[in-house]
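Trainee: 3D, please:
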Amino acid sequence: MPSAAPTPSAQWLTDPTVFAVNRHPQRSYHRTDAPRQSLNGPWEVLDTDARAIDVADPESPASVLRSASDRIATIPVPSTLETNGGWRPAYVNIQMPWDGHADPEAPSVPDTNRVALYRRLFTLDEDLRGAALEGGTVLLSFGGFATALYVWCDGAFVGYCEDGYTASEFDITRLLGGAPADTIHELVVACYEHSSASWLEGQDSWRFHGLFRGVCLTALPPTHVDSVRIDADFDHHSEVGRLHIKADVVDPLGGASIRAELFDYSDAPVWSTETPRSAAADLVSDGIPQIAPWSAESPTLYRLHLDVIDRDGRTCETVALNVGFRRFGIENGIMTLNGRRIVFKGVNR
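Mentor: From the prediction side, this is the model:
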């Protein structure tokens, strides 16, 4: 369990060396049967300015919300502030969004920096609370946002993050696990329009802000898959597939193993294996015959189950992934997919 988060600083917004504070280490995105609680739906949102919030003061976000209760709107999460929050949509090509209005030097941002102050009340689901009490980890996950977030839960600072086009997760077990079952928790998120990341995310595109992907809680068991990488190769000459799975397992007690099972599109088993007991599983299949390859024209997918088994033989977690077998190659200067020439249709200019 991580230590308490440091005191937040507004300087993080313009410091290019700070893009995550107290964020859970990045891991692969994969489906798991671990308990999950969605926080999607209606959230309270206040449109304000960065100068109105003192992020170093844990009382400031809630105080700002209380003082402007007549201006609080309700919008759905996930959504963008441009489509649901009253912000004007803006398309920017090679310019920065503030050009013609302000002239900051990188990595600074304009003095006028809008903030959407989000608020959501929730009660922790019983299965998540039980997992936390049994030594599990409760992660708060933001699937996508723009451009920078400060997060508080029950008045305690949780963390800070940028690079919002990939998920950001925070371990909030210490804030939730010991509370009574009927506790109503308060989640407050300050979403800033601009940060030093704005200089890197200046693509030719419409600019959309806010919590534009889902928000959820996940309770991971003490022993679980942290990250998994899959390479599914296909030999078009023999129609044989080969599977290489690398999985990192969090195993505090030691002795865990992984059982892998592959099923075809009719749910018939086609391959299985089990690792020796190790925190870094490396599973390689022999040739799997009669594999149907993946392509855009025929996107055949197989279903892979990874069961995490603790040292007592109990299944702690099951991870499910879709797998497509394919092989890219360059033959005589021509790009091929599964032995056939591939043609990409479409242009930008």
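
Trainee: Which residue, other than its chain neighbours, is closest to Val92?
Mentor: In this structure, Val92 finds its nearest non-sequential neighbour in Arg207, 6.0 Å apart by CB to CB, 6 or more residues apart in numbering. Where you see a C-beta, it was placed from the backbone N, CA and C, and this is true even at glycine.

Trainee: What is the burial count for the one you found?
Mentor: Neighbourhood size, Arg207 [other CB atoms under 10 Å]: 20.

Trainee: hey, what's it bridged with?
Mentor: Ala90 (DSSP bridges).

Trainee: Can you check what pLDDT the model gives it?
Mentor: On pLDDT, Arg207 comes in at 91.

Trainee: ok, it to Ala50 distance?
Mentor: 17 Å (CB to CB, to the nearest Å).

Trainee: got a list of what the residue nearest to Val92 touches?
Mentor: Glu82, Pro89, Ala90, Tyr91, Val92, Pro97, Ala146 (CB atoms under 8 Å, 6 or more residues apart in numbering).

Trainee: Same check on Thr315?
Mentor: Contacts of Thr315 by CB under 8 Å, 6+ apart are Asp307, Val308, Ile309.

Trainee: Make sure the last one is actually in contact with Ser257.
Mentor: Yes - Ile309 is in contact with Ser257 according to CB atoms under 8 Å; the separation is 5.1 Å.

Trainee: hey, what's in contact with both of these two?
Mentor: Listed contacts common to Ile309 and Ser257 are Glu274; contacts here mean CB under 8 Å, 6+ apart.

Trainee: residues of the helix or strand of the chain with the lowest mean pLDDT that come out buried?
Mentor: Least confident helix or strand, the chain: strand 280-284 with a mean of 81, by mean pLDDT, DSSP states H and E. For strand 280-284, burial by neighbour count (16 or more other CB atoms under 10 Å) applies to Ala281, Leu283.

Trainee: can you check stretch 53-66 too?
Mentor: For stretch 53-66, a neighbour-count test (16+ other CB under 10 Å) marks Ile53, Val55, Pro58, Ser60, Pro61, Ala62, Val64, Leu65 as buried.

Trainee: distance of the fifth one from Pro180?
Mentor: Between Pro61 and Pro180 the distance, using CB to CB, works out to 24 Å.

Trainee: Am I right that Arg27 is in a helix?
Mentor: No - according to DSSP: H, G, I helix; E, B strand; the rest coil, Arg27 belongs to no helix; its state is coil.

Trainee: per-residue pLDDT, it?
Mentor: 95.

Trainee: got the contact list for it?
Mentor: Counting by CB under 8 Å, 6+ apart, Arg27 touches Glu169, Asp226, Ser227.

Trainee: Okay, and the beta partners of the nearest residue to Glu274 once chain neighbours are set aside?
Mentor: Once flanking residues are discounted, Glu274 sits nearest to Arg259: 4.4 Å by CB to CB, 6+ apart. Using DSSP bridges, the beta-bridge partners of Arg259 come out as Glu274, Asp307.

Trainee: Give me the neighbour count for Arg259.
Mentor: When counting by other CB under 10 Å, one arrives at 17 neighbours for Arg259.

Trainee: Let me see the contact set for it.
Mentor: Neighbouring residues of Arg259 by CB under 8 Å, 6+ apart: Ser272, Thr273, Glu274, Thr275, Leu306, Asp307, Ile309.

Trainee: at 7 Å what do you get?
Mentor: Under the criterion of CB atoms under 7 Å, 6 or more residues apart in numbering, the contact list for Arg259 reads Glu274, Asp307, Ile309.

Trainee: wait, which of the residues you listed is closest to Tyr118?
Mentor: Nearest to Tyr118 among those, counting by CB to CB, is Asp307 at 37.2 Å.

Trainee: could you show me where the helices are in the stretch 101-250 of the chain, in order?
Mentor: In the stretch 101-250 of the chain, the segments counted as helices under DSSP state H, counting those that start in this stretch are 126-133, 173-176.

Trainee: most tightly surrounded among those helices?
Mentor: Highest mean neighbour count among those (mean count of other CB atoms under 10 Å): helix 173-176, with a mean of 20.

Trainee: Tell me which other helices or strands that helix touches.
Mentor: Where contact means 3 or more CB pairs under 7 Å, 6 or more residues apart in numbering; DSSP states H and E, helix 173-176 is packed against strand 137-142.

Trainee: pLDDT of the strand it packs on, averaged?
Mentor: The average pLDDT within strand 137-142 is 97.

Trainee: for stretch 62-70, same thing?
Mentor: Within the predicted structure, the mean pLDDT of stretch 62-70 is 92.

Trainee: For it, C-alpha coordinates in PDB please.
Mentor: Provided in PDB are the C-alpha atoms of stretch 62-70 (Å, rounded to 0.1, in the frame of the first residue of the first chain):
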ATOM      1  CA  ALA A  62     -15.100  21.700  -1.400                       C
ATOM      2  CA  SER A  63     -15.200  25.300  -0.200                       C
ATOM      3  CA  VAL A  64     -15.300  26.600  -3.800                       C
ATOM      4  CA  LEU A  65     -18.100  24.200  -4.600                       C
ATOM      5  CA  ARG A  66     -20.100  25.300  -1.600                       C
ATOM      6  CA  SER A  67     -19.600  29.000  -2.300                       C
ATOM      7  CA  ALA A  68     -20.900  28.600  -5.900                       C
ATOM      8  CA  SER A  69     -23.700  26.100  -5.400                       C
ATOM      9  CA  ASP A  70     -26.000  28.200  -7.500                       C
END
